[in-house]
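1. give me a model of this one.
(one chain, ligands or ions: 1)
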Amino acid sequence: MFWTRICELLNIKYPIIQGGMAWVATAELAAAVSEAGGLGIIGAGNMPGELLRDEINKARSLTDKPFGVNIMLLSDYVEEQMRVVLEERPAVITTGAGNPGTYIPALKEKGIKVIPVVASVALAIRLERIGVDALIAEGSESGGHIGELSTMVLVPQVVDAVSLPVIAAGGIADGRGFLAALALGAEGVQMGTRFVCSEECTVHPNYKQAIIKAKDRDTVVTGRPTGHPVRCLRNKLTKQFEELEARCAPPEELEELGKGKLRAAAIEGDVEFGSVMAGEVSGMIKDIKPVKQIIEDIIQEAQNLLRKLNERFSGAEDV
Ligand code: TUI
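-> Numbers count the residues shown, from 1 in each chain. Here you go, the predicted model:
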């Protein structure tokens, strides 16, 4: 059930990928997702290369299953992180926040599968030509750094523009979202926020509780003037951003305010003045569950929903 080209490509049971969240997606979380039949991803974020090597080795000690590493292309450490992944050869590299074009030949040469995040059709087409293995089309419902288009419109346009398998991301946290993504033509989903609220996620407990407490309108996007808009839970930090933006403060001032704030929230648990990056689905997440249960509940819910839809719309044509 729900077997797609993504399962085949990545050698996984379910087409569910965990987002490579900086400071949050550690070896423990990645290994748990891979053990549960999805693809776990270590978020390299702003890690120096040798720390990334340690995380890769830790994940290897926790699972024999394939896992990936996300390289955030705005990081100061991209070059050394790339050197480490070329040596360590995790099964998969995902990239975010930019165009990974120049790194692709070297990664492919080492047999590493490359799955970039795209936020536009143009970049999807360009990367297909360079020879990536699949694409993640990430809509603006996502947490963290986002593009302009929502998942509902980005995914079908990317699906129509390329032959590669597409993974939908942004706004997915349950079986309904999973099935909706498949209806849009995606062959898998990537989820971040849902996996933050898992038992195995090592982020500070305050971060998980802040997501659980969040309601439908509790995420906001700040940082648009910097060219790198970021979706976070509304708090005292986002209020400071809004004040700076309202008086058209220079982008450098906004960037300065953001420095170190994700670490403050994720590691120290400062959910008031830290950057609690989280997606719009925060309002839908009510509990902390083991990763295996998160994945199995989604598959079960999607199967039940598909059966119900079939009953409702295919059996009753005589009404
Ligand atoms: O990268 C993410 N999410 C992130 S990165 C991050 S760390 C950060 N903190 C502050 C400011 C900026 C980053 C937190 N969350 N998701 C993947 C993603 N990639 N979303 C959007 C994009 C994207 C945007 C433009 C990918 C490619 C792109 O292309 C630009 C180009 O050069 O064509």
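
2. how about low-confidence regions in the stretch 1-150 of the chain?
-> Along the stretch 1-150 of the chain, segments meeting pLDDT under 70 are nowhere present.

3. same thing but at 90, please
-> 1 (pLDDT under 90).

4. distance of Lys213 relative to Arg129?
-> 45 Å (C-beta to C-beta, to the nearest Å). (C-beta placed from N, C-alpha, C; glycine too.)

5. and for whichever residue of the chain sits closest to the ligand, the neighbour number?
-> Of all residues in the chain, Gly144 sits closest to the ligand, at 2.2 Å by C-beta to the nearest ligand atom. Other residues lying near Gly144 total 25 when counted by other C-beta atoms under 10 Å.

6. please apply the same query to the one 4 residues further on.
-> When neighbours are counted by other C-beta under 10 Å, Glu148 registers 10.

7. likewise the one 4 residues further on?
-> For Met152, the number of neighbouring residues by other C-beta under 10 Å comes to 15.

8. Lys213 and Arg129: which is more packed in?
-> Lys213 (14 against 9).

9. could you pull up phi and psi at that one?
-> phi -80, psi -20 (degrees, to the nearest 10).

10. mind starting the numbering at 56 from now?
-> Fine by me, first position is 56 from now on; the one you just mentioned is Lys268.

11. show me what the helix or strand Arg362 falls within is packed up against.
-> For Arg362, the element it lies in under DSSP states H and E is helix 346-369. Using 3 or more C-beta pairs under 8 Å, 6 or more residues apart in numbering; DSSP states H and E, the elements in contact with helix 346-369 are helix 82-90, helix 230-238, helix 248-251.

12. make JSON lines out of these and add mean neighbour count and distance to Thr274.
-> Formatted as JSON lines, the helices and strands packed on helix 346-369 follow (neighbours: other C-beta atoms under 10 Å; distance: least, C-beta to C-beta, whole Å):
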{"stretch": "helix 82-90", "mean neighbour count": "25", "distance to Thr274": "21"}
{"stretch": "helix 230-238", "mean neighbour count": "20", "distance to Thr274": "16"}
{"stretch": "helix 248-251", "mean neighbour count": "28", "distance to Thr274": "9"}
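
13. could I get the buried residue list for stretch 204-211?
-> Neighbour-count burial for stretch 204-211, counted by 16 or more other C-beta atoms under 10 Å, picks out 204-206, 209-211.

14. just to revisit the earlier point, make JSON lines from the helices and strands packed on helix 346-369 and add distance to Tyr132 to it.
-> What follows is the helices and strands packed on helix 346-369, written out as JSON lines (distance: least, C-beta to C-beta, whole Å):
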{"stretch": "helix 82-90", "distance to Tyr132": "17"}
{"stretch": "helix 230-238", "distance to Tyr132": "32"}
{"stretch": "helix 248-251", "distance to Tyr132": "23"}
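
15. got JSON lines for those helices, with distance to the ligand too?
-> Output for those, formatted as JSON lines (distance: least, C-beta to the nearest ligand atom, whole Å):
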{"stretch": "helix 82-90", "distance to the ligand": "16"}
{"stretch": "helix 230-238", "distance to the ligand": "16"}
{"stretch": "helix 248-251", "distance to the ligand": "11"}
